[in-house]
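# Structure for this input, please:
(chains A and B)
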2 protein chains.
Amino acid sequence: MKIGFIGLGHMGTGMAARLLEAGHEVTVYNRTSAKTAVLTAQGASGVRSIAEACRGDAVVTMLANDDAVKEVVLGKGGILASLPKGALHVSSSTIGVTLSERLTAAHADAGLHFVAAPVFGRPDAAAAGQLFIAAAGEPSAVKAAAPILDAMGQRTFVVSETPSAANLIKLSGNFLSASVIESLGEAVALVAKAGVDPHCYIEFLTSSIFNVPVFKIYGGLIADNNFKPASFAAPLGQKDIRLTLAAADALDVPMPIANILRDRFLALMAHGGENLDWAAIGGLASIDAALASSRTAASPLRG
Amino acid sequence: MKIGFIGLGHMGTGMAARLLEAGHEVTVYNRTSAKTAVLTAQGASGVRSIAEACRGDAVVTMLANDDAVKEVVLGKGGILASLPKGALHVSSSTIGVTLSERLTAAHADAGLHFVAAPVFGRPDAAAAGQLFIAAAGEPSAVKAAAPILDAMGQRTFVVSETPSAANLIKLSGNFLSASVIESLGEAVALVAKAGVDPHCYIEFLTSSIFNVPVFKIYGGLIADNNFKPASFAAPLGQKDIRLTLAAADALDVPMPIANILRDRFLALMAHGGENLDWAAIGGLASIDAALASSRTAASPLRG
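Numbering: from 1, shown residues only, chains lettered A, B, ... in the order given. Below is the predicted model of the structure:
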């Protein structure tokens, strides 16, 4: 397939590389054009406008937030204005339910296929083609997207014919991961203040009943009390909790843990954590317990 | 070894059977003596008093709560009064840090070895010898306990020389499991109210980034909205969150998610959930969202 790829951040770079490795003809665009170099070296064509990335069978977007997606899709010279009728847009960004509903309607009006296909996994999983993908859209569009999704992930779950359902599932997954981070942060603060070594503690948990990467990765960062460099930056996690709560607001679903997470991200920003990994909310319980400064020689949120 | 085993509930029965299978000579005692039948049929000697269970090299206790442990260990005709000097007591019950500290001192005063060895896993894991064990105590006592621990679990982690550290780690583990239950309950309420099938949703989560029994078991119960029979009864889970918060109080460690869990267990009891599995706190978010009654034909907390 001839595929345009827009958005070459930590995730997008790996995903676009997988499309190249699968033999697709890939055109890449990024707002900061320097980021295209690593992919053009692998055989991609780098282009200077969104329109030039929209001349194939499909375009994939992997952007940081709702505003970026609005601009790239709905803006002047954007995807809706550029993509030929009948072509496909695979939207892998983590966005809100409301925007996804708006995009679904806009693509239908423009005669375009639209699939929401948010991905689960960190940048190393993206580079290795090990992402899990939750896809939703009309069956014909999902079928057309299959070669793209197969190349980018290890497994695709078609969760609904309504694209926004996939976006909600992605948000809920990030909510669950943030809940793991917060609860691990509280547990580590508790046992560490009782004299238990945080690394031994995490080793025990993740060798026994919590033997899964989400506990290992975040438990390790919390035990190290070191949240730099950011694989998934705190402002992105904060955005996802806001979007989760916005969906909960719209549906009248009280979510007490999500409210705690909202406050944790506010506290993290207040402590200057905007450049840290989102796992840094898991360091706040130690600060509340006046523990962090005794655990590290450096600042409470060491980076 | 000649081993007494006291406490033949869902967990203790399986643990005592593993000691028998490993070739140990096992004497079993339970307050309700009828529960010894299944083990005497496997070769154990059933006895009618705690003292009779204390005539070997070691005694193992697996009891429901702090009060039962106090009575069995410190009460009239209890372990401290019965166990010969130099013998070993392995305490596998999930108890509070304060009681564990009191037991440690009392055993030392009585010239007895004491190992705290709480276990991680549900009754099926106990029966299969697949428990994970966090053990703590003086090195000589832990060494003496090794044949017992090896028979009961798939792996033992020696976490400290201070017995109460193992009890705190066990409490923190149950806090983490309860956090998983609550966060899954909130996530299921959110996506189900948006029209996503809860079973498909849990299937997706637990086939991808949350591929671990704790998410599968509790996610399945929440998706089914069916919390009977109880493998781990709600009042036991409530007790563990209370003990977690008591430890947090003593150490000045704020734990916001633990506070939410405390309230969830109170609400569960208010809804008549005392005979349900503790995973039933994961059904409360759906009740808050006025969703449960539409998801099932029966009561909101169907049993």
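# in the stretch 51-200 of chain A, which spans are strands?
A:58-61, A:88-91, A:113-116, A:119-120, A:131-136, A:153-160 (DSSP state E, counting those that start in this stretch).
# let me redo that: the stretch 201-303 of chain A
Under DSSP E, counting those that start in this stretch, the stretch 201-303 of chain A gives no strands.
# Any regions of the stretch 151-300 of chain A where pLDDT drops low?
For the stretch 151-300 of chain A, the stretches flagged by pLDDT under 70 are A:292-300.
# Go again with 50.
A:294, A:296-300 (pLDDT under 50).
# With distance to chain B and mean neighbour count as added columns, please give the strands of the stretch 51-200 of chain A in TSV.
In this view, the C-beta of every residue, glycine as well, is placed from N, C-alpha and C. Formatted as TSV, the strands of the stretch 51-200 of chain A follow (distance: least, CB to the nearest CB, whole Å; neighbours: other CB atoms under 10 Å in any protein chain shown):
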stretch	distance to chain B	mean neighbour count
strand A:58-61	20	26
strand A:88-91	18	26
strand A:113-116	13	26
strand A:119-120	5	24
strand A:131-136	4	26
strand A:153-160	5	20
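# Next, see if the helix or strand hosting residue A:14 gets close to chain B.
Assessed by DSSP states H and E, residue A:14 sits inside helix A:10-21. No. Using CB under 8 Å from any CB of the partner chain, helix A:10-21 stays clear of chain B, coming no nearer than 14.4 Å.
# Could you check the helix or strand just after that helix and say which residues are buried?
Following helix A:10-21 in sequence order, the next helix or strand is strand A:25-29 (DSSP H and E). Residues of strand A:25-29 classed as buried: A:26-29 (neighbour count, 16 or more other CB atoms under 10 Å in any protein chain shown).
# In which helix or strand does residue A:5 reside?
Counting by DSSP H and E, residue A:5 is part of strand A:2-6.
# Run the chain-centre distance for that strand.
In this view, strand A:2-6 has its centroid 19 Å away from the chain centroid, taken as CA atoms, centre = their mean, to the nearest Å.
# partners of that strand in the sheet?
Strand A:2-6 has these partner strands in its sheet, going by DSSP bridges: strand A:25-29 (parallel), strand A:58-61 (parallel).
# okay, these in TSV with mean pLDDT next?
Converted to TSV, the strands paired with strand A:2-6 look like this (pLDDT from 0 to 100):
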stretch	mean pLDDT
strand A:25-29	98
strand A:58-61	98
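# got TSV for those strands, with distance to residue B:98 too?
Shown next, in TSV, are the strands paired with strand A:2-6 (distance: least, CB to CB, whole Å):
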stretch	distance to residue B:98
strand A:25-29	61
strand A:58-61	56
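# contacting residues around the residue in the stretch 201-303 of chain A positioned nearest to chain B?
Ranked by CB to the nearest CB, the top residue of the stretch 201-303 of chain A for proximity to chain B is residue A:208, at 3.6 Å. By CB atoms under 8 Å, 6 or more residues apart in numbering or on different chains, residue A:208 lies in contact with B:120, B:132, B:155, B:157.
# how near is it to residue B:244?
18 Å (CB to CB, to the nearest Å).
# for residue A:9, what are its contacts?
Residues in contact with residue A:9 (CB under 8 Å, 6+ apart) are A:35, A:62-64.
# which residues sit against the helix holding residue A:14?
Under CB under 8 Å, 6+ apart, the answer for helix A:10-21 is A:3, A:5-6, A:8, A:26, A:28, A:30, A:35, A:38-39, A:42-44, A:60, A:62-63, A:92, A:119, A:123-129, A:131, A:148, A:151-152, A:231-232.
# ok now that helix, how far from the chain's centre?
Worked out by CA atoms, centre = their mean, helix A:10-21 lies 14 Å from the chain centre.
# Check stretch A:71-81 too.
22 Å.
# can you pull the contacts of the closest residue to residue A:70 other than its chain neighbours?
For residue A:70, ignoring the flanking residues on the chain, the nearest one in space by CB to CB, 6 or more residues apart in numbering or on different chains is residue A:99 at 6.8 Å. By CB under 8 Å, 6+ apart, the contact list for residue A:99 reads A:66, A:69-70.
# Go again with 10 Å.
With contact taken as CB atoms under 10 Å, 6 or more residues apart in numbering or on different chains, residue A:99 is in contact with A:65-67, A:69-70, A:73-74, A:91, A:93, A:164, A:167, A:243.
# Could you dump those into a markdown table with distance to residue A:221 added?
Listed next are those as a markdown table, based on distance: CB to CB, whole Å:
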| residue | distance to residue A:221 |
| --- | --- |
| A:65 | 23 |
| A:66 | 27 |
| A:67 | 28 |
| A:69 | 28 |
| A:70 | 32 |
| A:73 | 34 |
| A:74 | 36 |
| A:91 | 29 |
| A:93 | 24 |
| A:164 | 31 |
| A:167 | 26 |
| A:243 | 23 |
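# Buried members of those into PyMOL, please.
The PyMOL selection below is limited to those of those classed as buried (16+ other CB under 10 Å):
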select buried, chain A and resi 65+66+69+70+73+91+93+164+167+243
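# Which of the contacts of residue A:99 sits closest to chain B?
Nearest to chain B among those, with distances taken as CB to the nearest CB, is residue A:164, at 7.8 Å.
# Could you check how far the residue lying closest to that closest one once chain neighbours are set aside is from chain B?
The shortest distance from residue A:164 to any non-neighbouring residue, by CB to CB, 6+ apart, is to residue A:100 (3.9 Å). Relative to chain B, residue A:100 is positioned 11 Å away (CB to the nearest CB, to the nearest Å).
# Same check on residue A:21?
Taking CB to the nearest CB as the measure, residue A:21 and chain B are separated by 22 Å.
# Likewise for residue A:181?
Residue A:181 is 11 Å from chain B, by CB to the nearest CB.
# who's in contact with the spatially closest residue to that residue that is not a sequence neighbour?
Closest residue to residue A:181 apart from its sequence neighbours, by CB to CB, 6+ apart: residue A:282 at 4.3 Å. Residue A:282 makes contacts with A:178, A:180-189, A:218-219, A:221-223, A:225, A:227, A:264, A:268, as judged by CB under 10 Å, 6+ apart.
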